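Colleague: My questions concern the predicted model and sequence given below.
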Amino acid sequence: MYEPIRTKSVHSMADEAQYPHRSREEELDIQLAGHLAALLAVTDELGLEQAADAIAEQVSRLRGAPPARHAGLSGADRADL
């Protein structure tokens, strides 16, 4: 009535995958660096240089490279930010 499957399935378990895995800690560091980068953009826009430098230092530590910082400020009102 039916013929048995003779070839291996194209589907594999995630544990058998051949790509490098990141630990939960590494994933959380990446996520935290993203949130801090967004905070850095707003802090730069507000002109809080000392706080922005401290945040940039933490982003650098988490990512291993300094963050891109926007030099051209929009001059928007603080309440709008």
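Modeller: Okay, I see it. Numbers count the residues shown, from 1 in each chain.
Colleague: host element of the closest residue to Arg63 other than its chain neighbours?
Modeller: Leaving out its chain neighbours, the residue that sits closest to Arg63 by CB to CB, 6 or more residues apart in numbering is Ala33, at 5.0 Å. Every residue, glycine included, has its C-beta placed from N, CA and C. Applying DSSP states H and E as the criterion places Ala33 in helix 24-46.
Colleague: Just after that helix, pick out the following helix or strand.
Modeller: Criterion used, DSSP H and E; the element after helix 24-46 is helix 49-63.
Colleague: which stretches of this structure have low pLDDT?
Modeller: 1, 9-17, 70-75, 78, 80-81 (pLDDT under 70).
Colleague: Which elements pack onto the helix holding Ala33?
Modeller: helix 49-63 (3 or more CB pairs under 8 Å, 6 or more residues apart in numbering; DSSP states H and E).
Colleague: What is the burial count for Ile30?
Modeller: Ile30 has 12 neighbouring residues, counting by other CB atoms under 10 Å.
Colleague: residues in contact with it?
Modeller: Contacts for Ile30 (CB atoms under 8 Å, 6 or more residues apart in numbering) come out as 22, 62.
Colleague: on that earlier part again, what residues are up against the residue nearest to Arg63?
Modeller: 59, 62-63.
Colleague: ok, back up a step: return the angle between stretch directions for the helix holding Ala33 and helix 49-63.
Modeller: Using axes from the mean of the first three to the mean of the last three CA atoms, to 10 degrees, the inter-axis angle of helix 24-46 relative to helix 49-63 is 160 degrees.
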